[in-house]
Every structure is written in structure tokens, then in C-alpha cells.
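> Fold the following.
(chains A and B)
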Amino acid sequence: MSNFLTQTIYGVSDGAILALAALGFVLIYKSTGVINFAQGEFLLIGAYTVYAAFVVFQLPLLLAVVLGVLFAIVLGVLIERLILRPLIGESAISVIMVTIGLAAVLKAVAQLFFGTRAVSQPALLPRTTIELAGATFPLNRILVIVIAAVVLTLFTLFFQRSRHGIAMRAVADDQQAALTLGISVRRIFAMAWALAAVSALIGGVLLGDVTEVSSRLTTFGLLVFPVVILGGLDSVPGTIVGGLVIGLSGQYVSSYWDPGLAQIAPYLLLVAILLVRPYGLFGETRIERV
Amino acid sequence: MSATATGVYYRTYRRESALRHTKAEYFRLALMIVGLLVTPYVLDNYWLSIVNTILIAVIGAVGLNILVGFTGQISLGQGGFLAIGAFSSALLYQRADLPAPLSIACAVVITAVAGALFGLPALRIKGLYLAIATLASQEIIVFVARRWTFLRDGSSPLTVDRLSLGSFEIERQYFEWQWYWILVTCAVLAVLAARNLFRTSLGRSFMAVRDQDIAASAIGVNITRAKVTAFAVSSGFVGLAGALSAHYTETVTWEAFTLDVSILYLAMIIVGGLGTIAGSVYGAAFMVLVPVFIQEFVGALGDSIPVLLSRVPAIEQVVFGLVIILFLLFEPRGLAQIWQRMKDYIRFWPFRY
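Reported below is the predicted structural model:
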């Protein structure tokens, strides 16, 4: 029972980070219709920028995170403007491949600067173990869940209440209608990429802190796909449910069954969902016409 | 429609459906044949090994282009299908003692069947969803290849004996030379088969599915059949490439078939030109040669800037990504289109078009 609780905490914290990464993915897909294969690399770049600011340049942590967020915004806007915008209206394969190319570049640039081995970073969150109902686990796992929950709530509030958030939802719903109402679709596209980079940065920093800051973060990034397929490609609440399911199932399979199987369990789940319910739990069913 | 199509008139239907229409095209064909015949006598072993790698990649890229470029079904599962071809041919040759041509043929069939199976989700889902589904199949196939101890020799990767058939055996000192002839035969046959596939009704139905599948079904194309056969045919080619690579490299290990390989092959057909057979050939050559030239280049610079040497893999990756992005931004139809434009320029000179 105590083991079960520990596994649950680990699973939920993994899922919380996945939800953050998937949130960026869904934002981009919802408003611009682009499948972003570079989402895992965004996690990586986020973790490395904060590492560079915090460890290499010895800035205070808060300042490092703020700088990281600014950098992520600039990066997201630049990528949208320079790479994705010329491809608006191109075929799906072109758009997918451009993000794959982008992923290769981002990952390799990180390698050029920081090498392939994990860099050592002092713990950002306290790692003292705590006991609860007989289960022991490090405190930082709990804090990860709390931080992710706060960030996800802030994002949800942003979409529900703020002017820009509502504009983003309008664009996602119907681009032409949004244009006629005076919403700048271009600015919304740029904003989607910037916000995606920011949420990935937060996810990357948290993930780097509980595991390690290395190029292996991108493998974790691939798990975004099972998450978004489960939750629905265009559903924000879906990312939270999907993230939790994938995070928990990964932990349970790895501890009760077979650690190796845990690596592909999410993909098996993905195939099953695609066969039964291709648009995910909360995704919008689209009807295609000629 | 390319500009060269104007100014060429057909008197008979036979002429119109011919692969080559102008004298220049026959001249180019002759030049190419001479080039292929002369290559092994001109190049040294190192460059010949690179040419052999390109030839295998050509077969794989043609296969992928049939699926992605001609049928419009995005597949990230190329590495997995290569693995199926490589492992089945190696096992049949090594453990079941089948003669090499038979084991390779069986591998082609097995991969085609596997491709049709993994293509079944394409009947329900398409586009972006299909890309993600094939990503999953890639991960699952590689996982099986990694975990199944049957696919290994104890703890070491599966080794394949040197290729032999009856009394003929590949000799050590002529290794690359002899392999060149085997691979060039296979690659030429593969290219011809693919080129001719798209003159048949089956090939045309693939293209109809790509252009607009609902409209295609309205004019009587059996979409289910077209999609499943496209997956099977494409995987057959890919299986051939995998089987040949298993015999050529003489070891088979799952590390050679990861997602990166799938992406590399996608890059080949993007750079070469989606939906053109010639493009798959150019793209395969280009993507194999790029890292070779980077190594040469960095090796030359390495004396003055030693830091570069330790960063070669990262530099390769940066260039790899940039090549994909720049081609998609500036020449989405790839090298085949560049070549076409060069031909048109000469053909219509001194006029612009």
C-alpha cells in the first residue's frame, strides 16, 4: 500500500510535467493547426537556458527563471515568424517535417553548447524525503505537482478571463470570423508559439530538477503524443487528464510489471485509443468535406 | 506540369505513354548507364562503400516515397519496416539456411504483409493522426527488436555470414566491388518497378487518394484497397532495403532502426522531391553525402580548430535540421524541381519560358 502511494505520487508528478508539455502542444495545434514535433526539444532548451543562467552565469534563481521565460517567448515568436509562417497552407507532411527539422537543430545546438552528458545542477526544489501514510518520497515531487497545478490554473484563467486568451479561443474556433472581428490572427499565432515555449520551459525545468538536465529530456518529450491523442489534440483539459493517465500508467507498469514495457506502454495505449476513439476523450470531432 | 511538356507532340498513344520522349532523355539514359558501369572502376574502396550505402538508401527512399509522396500517407515507421526486413532476412539466411536470394525475397514479402497490417489504421485515420500512429508503430517494433532475445546471438548483436550462393561467395578483397553490382542491380530494378507502377491504374489510384481521397472514392477508386496496397508495396521496397543492408553490413541490431532513421528517410524524400521517383534517388544520394562531406570538411578544419572534432555529431545534426528547414522554405518540391528548372532554362533559352 505504501509502495502504491509512492508510485502514485511519482506518476502524478510525471503526469503534471507531461501536462505542461502537452499544454504547449495543444495551444499550437488548436490555434495554428501545426503538429509540433519539437515540443520535447522545447523542454530541453528551457531546462538548459535556466541552467545556463542559474549555474553558468550565477544569477539568482528567480532572475534565471524570468530570463528563461523571456528567452522562451523570443524563441517561440522567432520560430513562428521565420519558419512556420511561410508554410501556412502547405501540406501536413511539410509542416510536420519542418518541426522535425527544427527539433534536430534545437537539440544539436544544445549539444554544441553543453555536450551530450548530463550537466550537474544544484537542486532547485528541496529533496528532503517526507513520510506520509507509511510511504516515503522526496518533497520535490510534491512541489512539482503543486507548481504544475498553479501554472495550469493560471493558463486556464488566462484563456477564460483575459482579452488575449479569449481572442486565442476565437481564432481556434474560426479564423475568418475572428479576423472580421478585428483580431490579429498573426499575433495570435505568434502568441501561441510563445506560450507553448513558456509552458515547455516550466515543464523542462521541473523535469530537469527531478531527473537530470541532459539531452534525454527529449525522449520524455515524445510522450507528449500519447498524452494529446488520449486527451484530444485540441483540448486543454484533455492534456491534464491525458498527462495524469500516461504518467500514472507508466509508473504502475514499470513498478508492478516490467520497467522496459513501461517505455512503450504509452504507445500501446495510443494505438488502442486511435482505433477506438481517434479524436480522443475531449477532442472535437471534425467532419471532412470535399 | 513541367514546362518541358510543351512543344512535344505525340502522334500515337504508345508514344505518349512512353517513359522517354526526347532525344536528350535517351542521351541522359545512355550517360547514366555508362556512369553506373564505370563507377566501380574509378572509385576507391572508401567511396565505393559510400556509393553502396547510397544504393541501399535509394531503394528505401523510393519505397517511402511511394507511400508518402505518391499516396499521401505520412509514415514515421520507416525504421521499423527496415528492421523487419533486415531481421527476417538475416534469420532466414542464418538460422533456416535458406539461400540468400530466397531469404531476401521472403523478407520482402514479410515486410509487405507487416506494412499492410500496420497500414490498417490508415483506413480510419489520416494526416496528422496517421503520422502519430506510425510513430507508435515505430516505437513498438523497435521495442520488440530490442527485447526479444531470439533476435540476438547471446548478448551480442545478430551477425550474418558473408553472402554466398552455391559456389559464388563474396571475397574479402573485392567486397565493395562485388556488392556494388548486386546493389546497383537491385536499385535499378526497384527504380524501374516504381516508375512503371505509376503508369498502371493501381499507381494512378494511389495518386488519386493523395490528391483528395473523398473525391477519389466518389469516382470509383477503392480507397481501402489503394491504401492497404500502398502500404504493402512501399513496405516491400523498404523490406528489400533492410534485407540488403543486413547482408551488406553483416550485423543486425535494433540501434540501426530507431526513429532517427525514419526521419532521415523522410528528409531524403523531402529534399529530393515528394512524389517523384528521380527525386528519391537525388535525395538519398544527397542525405548520405552530406555527413560524409561534413566529416571531410571538419577533418580539414580540425587541425586549426580542434574543438570542432569533438562536436562532429552535433554539427551534422544542425546541418541535417537546417537542410530540411531550408528546403521546405525555399524549394518544397526538392532537388527534382531544381533539376527540372535547370533543364527548362536550357531548353527555352534565350526565352524565359
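> Contact partners for A:Met97?
Shown in contact with A:Met97 (Cβ atoms under 8 Å, 6 or more residues apart in numbering or on different chains): B:266-267, B:270, B:324, B:328. C-betas here are computed from N, CA, C, even on glycine.
> so the residue nearest the centre of chain B is in which element?
For chain B, the residue lying nearest the average C-alpha position, counting by Cα atoms, centre = their mean, turns out to be B:Ala61 (1.6 Å). Using DSSP states H and E, B:Ala61 sits in helix B:45-65.
> For A:Leu248, give me phi and psi.
Note on A:Leu248: its backbone torsions stand at phi -70, psi -40 [degrees, to the nearest 10].
> about what we covered before: right, and the residue nearest to the centre of chain B touches B:Phe286 too?
No: if you go by Cβ atoms under 8 Å, B:Ala61 and B:Phe286 don't touch, sitting 10.2 Å apart.
> Overlap in contacts, the two.
B:268, B:272.
> could you check the distance from B:Gly334 over to B:Met287?
11 Å (Cβ to Cβ, to the nearest Å).
> my bad, should have said B:Ala133
Applying Cβ to Cβ to B:Ala133 and B:Met287 gives a distance of 25 Å.
> can you pull out the helices in the stretch 51-200 of chain A?
Shown for the stretch 51-200 of chain A, the helices assigned by DSSP state H, counting those that start in this stretch span residues A:61-79, A:92-114, A:139-161, A:163-173, A:175-180, A:185-210.
> quick one: which of these is nearest B:Ile110?
helix A:92-114 (27.1 Å; Cβ to Cβ).
> quick one: low-confidence parts of the chain?
Just going to use chain A. Within chain A, the ranges that satisfy pLDDT under 70 run A:1, A:286-290.
> nope, chain B
With pLDDT under 70 as the threshold, chain B has low-confidence stretches at B:1-8, B:353.
> Mind naming the longest strand for it?
Ranked by residue count under DSSP state E, the longest strand found in chain B is strand B:156-159.
> How about the residues of the stretch 1-150 of chain B by chain A?
Residues of the stretch 1-150 of chain B that fall close to chain A, judged by Cβ under 8 Å from any Cβ of the partner chain: B:68, B:72, B:74, B:121, B:124-125, B:127-129, B:131-133, B:135-137, B:139-140, B:143, B:146-147.
> count of residues packed around B:Leu123?
Using other Cβ atoms under 10 Å in any protein chain shown, B:Leu123 is surrounded by 11 other residues.
> again with B:Ala284
As a measure of burial, B:Ala284 has 30 neighbours, counting by other Cβ under 10 Å.
> surely it meets B:Ile270?
No: between B:Ala284 and B:Ile270 there is no contact under Cβ under 8 Å: 11.8 Å.
> what sits against the closest residue to B:Gly283 other than its chain neighbours?
Taking Cβ to Cβ, 6 or more residues apart in numbering or on different chains, and ignoring the residues beside it in sequence, B:Gly283 has B:Gly272 as its nearest neighbour in space, at 2.3 Å. Applying Cβ under 8 Å, 6+ apart, we find B:Gly272 in contact with B:61, B:65, B:278-284, B:286, B:334-336.
> what two of those are the furthest from one another?
Taking Cβ to Cβ, no two of the contacts of B:Gly272 sit farther apart than B:Asn65 and B:Phe286, at 13.8 Å.
> Out of the two, name the residue with the larger neighbour count.
B:Asn65 (30 against 19).
> Helix, strand, or coil at A:Asn36?
coil (DSSP: H, G, I helix; E, B strand; the rest coil).
> my read: it touches A:Ala192, true?
No: with contact defined as Cβ under 8 Å, A:Asn36 does not count as touching A:Ala192 (9.9 Å).
> How much space separates A:Ala16 from A:Gly46?
Counting by Cβ to Cβ, the gap from A:Ala16 to A:Gly46 is 15 Å.
> In chain B, which helix is the longest?
helix B:223-249 (DSSP state H).
> Summarise which helices and strands the helix or strand encompassing B:Ala90 is packed against.
In the assignment (DSSP H and E), B:Ala90 maps to helix B:78-94. Counting contacts by 3 or more Cβ pairs under 8 Å, 6 or more residues apart in numbering or on different chains; DSSP states H and E, helix B:78-94 is packed against helix B:45-65, helix B:100-119, helix B:128-147, strand B:156-159, helix B:223-249, strand B:251-252, helix B:259-272.
> Make TSV out of those and add distance to A:Tyr256.
Listed next are these as TSV, based on distance: least, Cβ to Cβ, whole Å:
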stretch	distance to A:Tyr256
helix B:45-65	39
helix B:100-119	29
helix B:128-147	18
strand B:156-159	31
helix B:223-249	36
strand B:251-252	33
helix B:259-272	28
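> could you check the distance from B:Gly79 over to chain A?
From B:Gly79 across to chain A, the span is 13 Å (Cβ to the nearest Cβ, to the nearest Å).
> Next up, the contacts around that residue.
Counted by Cβ under 8 Å, 6+ apart, B:Gly79 has contacts B:138, B:141-142, B:257-262, B:265.
> could I get stretch A:259-279 in PDB with only the CA atoms?
Output of stretch A:259-279 as PDB, limited to C-alpha atoms (Å, rounded to 0.1, in the frame of the first residue of the first chain):
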ATOM      1  CA  PRO A 259      10.300  -1.400 -16.500                       C
ATOM      2  CA  GLY A 260      11.100  -2.000 -20.100                       C
ATOM      3  CA  LEU A 261       7.400  -2.400 -21.100                       C
ATOM      4  CA  ALA A 262       6.700   1.000 -19.400                       C
ATOM      5  CA  GLN A 263       8.600   2.700 -22.200                       C
ATOM      6  CA  ILE A 264       6.100   1.600 -24.800                       C
ATOM      7  CA  ALA A 265       3.000   1.200 -22.700                       C
ATOM      8  CA  PRO A 266       2.000   4.800 -23.600                       C
ATOM      9  CA  TYR A 267       2.300   4.000 -27.300                       C
ATOM     10  CA  LEU A 268       0.200   0.800 -27.000                       C
ATOM     11  CA  LEU A 269      -2.400   2.900 -25.300                       C
ATOM     12  CA  LEU A 270      -2.100   5.400 -28.100                       C
ATOM     13  CA  VAL A 271      -2.800   2.800 -30.800                       C
ATOM     14  CA  ALA A 272      -5.700   1.500 -28.800                       C
ATOM     15  CA  ILE A 273      -7.200   5.000 -28.400                       C
ATOM     16  CA  LEU A 274      -6.700   5.700 -32.100                       C
ATOM     17  CA  LEU A 275      -8.600   2.600 -33.100                       C
ATOM     18  CA  VAL A 276     -11.500   3.100 -30.700                       C
ATOM     19  CA  ARG A 277     -11.800   6.800 -30.400                       C
ATOM     20  CA  PRO A 278      -9.500   8.700 -32.900                       C
ATOM     21  CA  TYR A 279     -10.400  12.100 -31.600                       C
END
